[in-house]
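Peer 1: My questions are about this predicted structure, shown below with the sequence.
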Amino acid sequence: MCTLNIMDRRIVLVRAVNVGGTAKLPMAQWRELAESLGASDVATYIASGNLVCTIPGDHHGFDRALESAVEERFGFFREVISRSPQQVSAALTNHPFDVVEPKFSYVTFLAGVPTADAIAAARKVPTGEDRWEVVGAEMHIRYAEGAGRAQMKDAAIGRALGVAGTARNLNTVRKLVELAAC
């Protein structure tokens, strides 16, 4: 049963898990960790580190506590980045590219806002037909032929931006907004 308090509802994303076998984070245990830190109405969506929950207190503190809990329990550190449902919905609305195929369009939720100098440095990374744009604390991406056939070097752009981030395609982002509404 959802005891929705919209002010405390969060979409919580953990970076780089269950991809390539290097950092396994079973979703049942991810939910348990969140609950052990006081979260309620906890749900996960697909096995890529997506969690929707109602959190107790400050979201920055909750995110850092989850990072510590993951590191303690699983032996690896991964950044946790969360947003309110309204912020995630706004990221969808602010997507600057035409969406021909939602699975080719992504939002990278950043841990902070990159500086203008960092964005300028990232612009030097070749992208081919792929496109990206930073809007606030999100980087929006449109892959010409899908993420699996990316022409741009996401990791190089991320390093240049100097801010950790985690990407989700628009299908996943929409589903997370739906789940957050209970």
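Peer 2: All right, it came through fine.

Peer 1: where along this protein do the strands fall?
Peer 2: Taking DSSP state E, the strands of the chain run over residues 9-14, 40-45, 50-54, 80-83, 105-110, 131-135, 138-142, 165-169.

Peer 1: a markdown table please, covering these and showing mean neighbour count and distance to residue 74.
Peer 2: The C-beta positions use only the backbone N, C-alpha and C, and glycine is treated the same way. Formatted as a markdown table, the strands of the chain follow (neighbours: other C-beta atoms under 10 Å; distance: least, C-beta to C-beta, whole Å):
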| stretch | mean neighbour count | distance to residue 74 |
| --- | --- | --- |
| strand 9-14 | 24 | 10 |
| strand 40-45 | 18 | 15 |
| strand 50-54 | 24 | 15 |
| strand 80-83 | 23 | 13 |
| strand 105-110 | 24 | 21 |
| strand 131-135 | 18 | 30 |
| strand 138-142 | 23 | 27 |
| strand 165-169 | 22 | 17 |
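
Peer 1: burial measure for the closest residue in space to residue 181 that isn't next to it in sequence, as a count.
Peer 2: With C-beta to C-beta, 6 or more residues apart in numbering as the criterion, residue 181 has its nearest non-adjacent residue at 6.7 Å, and that residue is residue 85. A total of 20 residues lie near residue 85 under the criterion other C-beta atoms under 10 Å.

Peer 1: cool, and residue 33?
Peer 2: Count around residue 33 with other C-beta under 10 Å applied: 22.

Peer 1: Contact partners for it?
Peer 2: Applying C-beta atoms under 8 Å, 6 or more residues apart in numbering, we find residue 33 in contact with 66, 69-70, 73.

Peer 1: Buried ones among these?
Peer 2: Buried by 16 or more other C-beta atoms under 10 Å: 66, 69-70, out of the contacts of residue 33.

Peer 1: on that earlier part again, quick one: the residue nearest to residue 181 and residue 54, what's the gap?
Peer 2: 11 Å (C-beta to C-beta, to the nearest Å).

Peer 1: what does residue 174 give?
Peer 2: From residue 174 to residue 54 the distance is 20 Å (C-beta to C-beta).

Peer 1: Next: residue 15.
Peer 2: Residue 15 sits at a distance of 22 Å from residue 54 (criterion: C-beta to C-beta).

Peer 1: In the beta-sheet assignment, what are the partners of the closest residue to residue 40 other than its chain neighbours?
Peer 2: Leaving aside its sequence neighbours, residue 40 sits nearest to residue 54 (C-beta to C-beta, 6+ apart; 4.9 Å). Under DSSP bridges, the beta-bridge partners of residue 54 are residue 9, residue 40.
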